[in-house]
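> this one's sequence-less:
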């Protein structure tokens with residue numbers, strides 16, 4: 001597969017509040033922090049998008065709070081910045097910085113963004129798998145999971161990595177029947193998106209049918 005280097009791609013949390021204003025978001029729960037299989041996934045992301053991938057942390061990381069067993073958001077926010085910077089060094093990624101609840105912030109390496117959901121509240125109703133080159137249109141209703149790389153990877157890795165994220169995101173909105181949707185547009189093109197979709201369907205992940213009003 002040809003590497004896609006047409007813009008700045010940033011691995012950042014798939015939390016529905018993470019909005020990237022400059023750059024393209026590759027959603028990975030907790031920005032990959034202590035996520036099983038992340039090191040292997042980075043290799044496939046680099047194969048698709050090139051070696052100059054960025055990574056950014058964000059405020060109110062539910063995943064980090066859980067895995068670090070922390071009690072306050074102040075502790076989480078302080079710790080995540082250090083941990084994501086260390087993860088960048090470990091995986092050979094460019095550390096862009098930290099996405100706060102504020103006006104859009106200019107980060108390092110051509111990334112600009114912020115957090116926009118309400119504090120301490122999750123309002124997503126869908127998990128959106130990007131298949132063609134990262135997030136194309138920001139939607140506050142979506143948890144975002146990058147599946148732009150899955151056709152290049154072993155089935156077992158894809159299944160484990162996807163299921164970890166699906167299961168955890170569902171716990172954040174327990175009163176909601178979270179729907180799975182696919183975003184197929186992007187610079188990788190229709191053929192690559194179709195291959196990625198085929199891999200997801202092979203492991204049992206299918207897009208929900210459109211709602212009665214025709215919307216996803």
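Received the coordinates, thanks. Quantities reported herein were computed from a predicted structural model and do not represent experimental measurements.

> what about the residue positioned nearest the centre of the chain, distance to residue 58?
With distances taken as CA atoms, centre = their mean, residue 27 lies nearest the centre of the chain, 1.0 Å away. Distance of residue 27 to residue 58, given as CB to CB, to the nearest Å: 11 Å. For glycine as for every other residue, the C-beta is placed from the backbone atoms N, C-alpha and C.

> Show me whatever sits in contact with both of those two.
Shared contacts of residue 27 and residue 58, defined by CB atoms under 8 Å, 6 or more residues apart in numbering, comprise 12, 13, 18.

> in this protein, which spans are helices?
38-49, 62-68, 73-91, 155-172, 190-202 (DSSP state H).

> mind checking the end-to-end distance for stretch 56-75?
Start and end residues of stretch 56-75 are separated by 18 Å (CA to CA, to the nearest Å).

> buried residues in it?
Neighbour counts using 16 or more other CB atoms under 10 Å place 56, 57, 58, 59, 60, 61, 62, 63, 64, 65, 68, 70 of stretch 56-75 among the buried residues.

> before we move on, back to that, mind putting the helices of the chain in CSV, distance to residue 144 and mean pLDDT included?
Shown next, in CSV, are the helices of the chain (distance: least, CB to CB, whole Å; pLDDT from 0 to 100):
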stretch, distance to residue 144, mean pLDDT
helix 38-49, 14, 98
helix 62-68, 14, 97
helix 73-91, 17, 96
helix 155-172, 10, 98
helix 190-202, 14, 98
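
> Can you say which of those is nearest to residue 134?
Across those, residue 134 has its closest neighbour in helix 38-49 (8.1 Å, CB to CB).

> helices or strands up against the closest one?
strand 9-12, helix 73-91, helix 155-172 (3 or more CB pairs under 8 Å, 6 or more residues apart in numbering; DSSP states H and E).

> highest average neighbour count across these?
strand 9-12 (a mean of 30; mean count of other CB atoms under 10 Å).

> which other residues reach it?
18, 20, 23-28, 31-32, 42, 45, 49-50, 53-58, 93, 96, 99, 111, 113, 134, 146.

> now stretch 31-50
1, 3-5, 9, 11-13, 26, 28-29, 53, 55-58, 61, 63-64, 67, 80, 83-84, 87, 90-93, 146, 148-150, 152-153, 157, 160-161, 164-165, 188.
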